[in-house]
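1. Generate coordinates for the sequence data below:
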Amino acid sequence: MDRYDETTPENIEEVVIIGSGPAGLTAALYAARADLKPIVITGDALGGQLGTTSEVENYPGAAKEHLTGPELIDDMRSQAERFGARLVYDSVTEVDFTGPFHRVKTFGEEYWAKSVIVTTGASPRKLGVPGEEQYTGYGVSYCATCDGFFFRDKEVIVVGGGDSALEEGLFLTKFAKRVRVIHRRDELRAGQLLQSRAAANEKMSFIWNTVVTAIEGEDGAVTRVLIENRVTGETDVLEADGVFIYIGHYPNSALFDGILEMDEHGYVLTDERKRTGIAGIFAAGEINDPIFRQAITSAGEGCKAAMQCEKYLSELGAVPEPGGPGRSLASW
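-> Residues are numbered from 1 along each chain as shown. I've put the predicted structure just below:
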């Protein structure tokens, strides 16, 4: 249906939430409790990155021993649905935010909404080597803050040479017996202060000009990595209990390219109230957070977005005339 026809779309949702990680499900909970009857389009995998985490110990209130990411996500889903959130297990293929009603198209359906909350998250860059996918959550990790505790007195490998690699590597020295940093070049990209701290830490060492070519394990857990020196071509095997990969993250924002304002890395820009530059469109979680990347911070961002969305809808008043101008951000 063309939004510029004189016919109003038959079913206009108050809010559609794109994404089902901690930000999306928290936004769904708050929106549902505000009686907005939100639709949550889950994407490929319910829960995002948290949905693939083997064990969660740093989420407040989640005190159950050996709580898994999927279990926590299922609790969030159940709570949101209890208050009226509706989950759609589908992926968004196209959006149109140009008019007074926002169109969200999935593989199987088309939705019209007065407001949209974007919570599509971010993804860690992968090495793309054999064993990486197989052992993700079983020794391969992209978050030392999340998983470092499980590697007390263990042998750990960190892959990367930027700030994140050294920051997380230093964090891992609180638990691990030894942390070896593998970097594909002969010098680090990290800031000088971090480099100095890492060099002074007796638990940390560096393997230069080297790449990981495979990750192997036994009994369902990582036991070693295969490496190759990029200069000499020499190969080796390193015993390791954990492999932490820090070669960057990328926001899952390709769907909104040219539609929402982003920074040079593709993170969606919002103001302090989680509003994008388009009235009625909000963003929360790792889609616009390149710094913290934690489940609890994403949940808090989802709460903010839902509260601001409810405020926007309450101030919006009557349904705008089809084809009429959308409200500008300055008028909120």
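2. which stretches of the stretch 151-300 of the chain form helices?
-> Secondary structure of the stretch 151-300 of the chain (DSSP state H, counting those that start in this stretch): helices at 163-172, 192-200, 295-316.
3. With distance to Gly61, mean pLDDT and mean neighbour count added, can I get the ones you listed in TSV?
-> Quick note: C-beta positions are derived from backbone N, CA and C, even for glycine. Output for the helices of the stretch 151-300 of the chain, formatted as TSV (distance: least, CB to CB, whole Å; pLDDT from 0 to 100; neighbours: other CB atoms under 10 Å):
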stretch	distance to Gly61	mean pLDDT	mean neighbour count
helix 163-172	23	91	22
helix 192-200	33	94	14
helix 295-316	10	96	21
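4. Tabulate those helices (a markdown table), appending distance to Arg82.
-> Formatted as a markdown table, the helices of the stretch 151-300 of the chain follow (distance: least, CB to CB, whole Å):
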| stretch | distance to Arg82 |
| --- | --- |
| helix 163-172 | 36 |
| helix 192-200 | 45 |
| helix 295-316 | 16 |
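5. Of the ones you listed, which is nearest Thr119?
-> helix 295-316 (6.1 Å; CB to CB).
6. Any figure for the gap between Asn209 and Gly233?
-> Asn209 is 11 Å from Gly233, where distance means CB to CB, to the nearest Å.
7. Over to His265?
-> Relative to Gly233, His265 is positioned 34 Å away (CB to CB).
8. Of those two, which one has the most company?
-> Between His265 and Gly233, counting by other CB atoms under 10 Å, His265 is the more crowded of the two (12 against 7).
9. excluding its backbone neighbours, what's nearest the more buried one?
-> Once flanking residues are discounted, His265 sits nearest to Pro290: 6.5 Å by CB to CB, 6 or more residues apart in numbering.
10. Any idea how many residues pack against that neighbour?
-> Neighbours of Pro290 using other CB under 10 Å come to 15.
11. residues touching Arg184, list them.
-> Neighbouring residues of Arg184 by CB atoms under 8 Å, 6 or more residues apart in numbering: Gly161, Asn209, Thr210, Val211, Arg230.
12. pLDDT value on it, please?
-> Arg184 is assigned 95 on the pLDDT scale.
13. How many neighbouring residues does Val268 have?
-> Neighbour tally, Val268, other CB under 10 Å: 26.
14. Val231 too?
-> Residues near Val231, counting by other CB under 10 Å, number 10.
15. what's the answer for Glu218, then?
-> Counted with other CB under 10 Å, Glu218 comes out at 8.
16. who does it bridge with?
-> In this entry, Glu218 is beta-bridged to Ala221, by DSSP bridges.
17. Mind checking which of the contacts of Arg184 land in strands?
-> Taking DSSP state E, the ones among those that sit in strands are Thr210, Val211.
18. Please name the nearest non-neighbouring residue to Gly19.
-> Gly19 sits nearest to Thr119 (CB to CB, 6+ apart), 3.6 Å away.
19. can you pull the contacts of that neighbour?
-> 17-21, 23-24, 27, 283-285, 287, 298, 302, 305.
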